[in-house]
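S.K.: What follows is a predicted structure for the sequence shown.
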Amino acid sequence: MPKLKRAAAADNRGATDFIESLDRGLRVLELFGGSRQPMTLSDLAKAAELPRATARRILFTLERAGFVASDGKLFRLTPRVLVLASSFLASNHVVSVLQPALDRLSSEAQEISSMAILDGNDVVFIARASPTRIFSAGIDIGYRLPAFCTSVGRVLLSRLSDDELAAALDRMDLAALTPFTVTDRKLLLKTIIADRARGYSLVDREAEPGFRSVSVPVRRYDGAIVAAINMGAHVDRVSAAEMTKRFLPQLREAAASVKSLLM
């Protein structure tokens with residue numbers, strides 16, 4: 001696992017404003033998200049690139065605070081960590097405005113719809129809606145994917161200027177997730193610029209095998225892109241042509257309906 005880099009470490013305000021112990025504790029918390037199983041002290045210390053003694057103190061502190069539980073050997077998160085996520089969702093203006101629109105969109109289209117924002121080189125899904133007829137599985141709130149190979153990610157990257165976009169792609173690790181993932185930087189730059197011009201992105205089996213999705217930008221009152229919403233389906237069920245013909249107008253209507261409400 002690559003070492004987690006934090007913006008705080010590069011903040012030009014200086015070391016006096018940076019609390020290293022807090023940074024390390026947050027790093028350990030994040031590591032649990034990469035494993036669906038409880039983890040040992042050794043596993044966590046190695047993944048966080050911390051001495052065992054330091055990792056042990058952090059885990060003890062997190063356990064005392066109620067965020068981590070242990071049987072003496074294995075450590076796991078507790079439901080208390082959801083307080084952190086719920087605080088973000090409850091305070092996020094975009095989520096509160098978009099969720100009703102997503103619910104209407106999903107009900108009318110009878111498909112799952114999601115909303116994502118950009119976080120570094122990844123997209124994070126922060127809202128979703130599902131019609132009752134569809135079993136809700138797959139992309140959950142908090143799910144992360146690389147931005148370069150997802151329709152929501154390309155829409156969000158399209159808000160950058162051409163030079164900024166080229167620089168952002170240069171910083172990314174363009175590892176293929178499927179045999180169809182485009183990893184050529186020049187082709188990606190050209191594709192995202194084209195997506196910006198047409199106002200949507202369609203990605204076909206690049207992020208997940210057998211899955212395609214279409215996304216549009218969500219703009220606030222002044223036209224700035226603040227999020228992206230999408231709908232997707234298995235390739236055997238919905239063709240690319242149907243996706244743009246049926247889903248795209250509904251997505252655009254949903255995005256337009258909230259523009260004046262987003263500040």
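M.R.: Structure received.
S.K.: where does this structure have low pLDDT?
M.R.: The chain contains residues with pLDDT under 70 at 1-16, 34-36, 87-91, 132-139.
S.K.: mind listing the strands for it?
M.R.: Per DSSP state E, the chain has strands spanning 39-40, 68-70, 74-77, 113-119, 122-129, 144-146, 201-204, 211-219, 225-234. These are given in chain order.
S.K.: So what are the sheet partners of the second one and their directions?
M.R.: Looking at strand 68-70 with DSSP bridges, its paired strands and their directions are strand 74-77 (antiparallel).
S.K.: Quick one: residues in contact with the strand it pairs with.
M.R.: With Cβ atoms under 8 Å, 6 or more residues apart in numbering as the test, strand 74-77 has contacts from 29, 32, 38-41, 44, 59, 63, 67-70. Every residue, glycine included, has its C-beta placed from N, CA and C.
S.K.: Go ahead and produce CSV holding the CA coordinates of it.
M.R.: These are the backbone C-alpha positions of strand 74-77, laid out as CSV (Å, rounded to 0.1, in the frame of the first residue of the first chain):
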residue,chain,number,x,y,z
LEU,A,74,-7.4,-8.5,16.3
PHE,A,75,-8.7,-4.9,15.9
ARG,A,76,-11.8,-3.8,14.1
LEU,A,77,-13.8,-0.6,13.7
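S.K.: buried set for it?
M.R.: Of all the residues in strand 74-77, those buried under the rule 16 or more other Cβ atoms under 10 Å are 75, 77.
S.K.: quick one: the most centrally placed residue in the chain from Arg144, how far?
M.R.: The residue lying closest to the centre of the chain (Cα atoms, centre = their mean) is Val124, at 1.2 Å. For Val124, the distance to Arg144 equals 5 Å [Cβ to Cβ, to the nearest Å].
S.K.: And Pro209, by the same measure?
M.R.: Taking Cβ to Cβ, one finds Pro209 at 18 Å from Arg144.
S.K.: out of these two, which sits in the busier spot?
M.R.: Each of Pro209 and Arg144 has its neighbours counted (other Cβ atoms under 10 Å); Arg144 has more, 16 against 12.
S.K.: what's the closest non-adjacent residue to the more buried one?
M.R.: Distances taken as Cβ to Cβ, 6 or more residues apart in numbering put Asp122 closest to Arg144, at 4.7 Å, once the chain neighbours are dropped.
S.K.: How many residues are close by the one you found?
M.R.: Residues lying near Asp122 (other Cβ under 10 Å) number 17.
S.K.: what residues does stretch 151-159 touch?
M.R.: 114, 116-118, 122-123, 125, 145-148, 165, 168, 191-193, 195-196, 200-203, 213-217, 224-225, 227-230, 232.
S.K.: Buried only: go through the residues you listed for me.
M.R.: Buried among the contacts of stretch 151-159 (16+ other Cβ under 10 Å): 114, 116-118, 122-123, 125, 145-148, 165, 168, 191-192, 195-196, 200-203, 213-217, 225, 227-230, 232.
S.K.: and the residue nearest to Cys149 when sequence neighbours are not counted, what is it in contact with?
M.R.: Spatial nearest neighbour of Cys149, chain neighbours left out: Glu206 (4.4 Å); criterion: Cβ to Cβ, 6+ apart. The contact partners of Glu206, by Cβ under 8 Å, 6+ apart, come to 149-150, 177-178, 180-182.
S.K.: Contacts only, for Ile193.
M.R.: With contact set as Cβ under 8 Å, 6+ apart, Ile193 has these partners: 158, 162, 165.
S.K.: count of neighbours near the nearest residue to Val182 once chain neighbours are set aside?
M.R.: Spatial nearest neighbour of Val182, chain neighbours left out: Leu188 (5.8 Å); criterion: Cβ to Cβ, 6+ apart. By other Cβ under 10 Å, the residues close to Leu188 number 20.
S.K.: hang on, the earlier thing: wait, isn't the residue nearest to the centre of the chain in contact with Tyr143?
M.R.: Yes - the pair Val124 / Tyr143 is scored as a contact, 7.3 Å apart, by Cβ atoms under 8 Å.
S.K.: Next one: the nearest residue to Leu202 once chain neighbours are set aside relative to Ala175, how far apart?
M.R.: Residue nearest to Leu202 in three dimensions, not counting chain neighbours: Val214, with 4.8 Å by Cβ to Cβ, 6+ apart. As judged by Cβ to Cβ, Val214 and Ala175 stand 23 Å apart.
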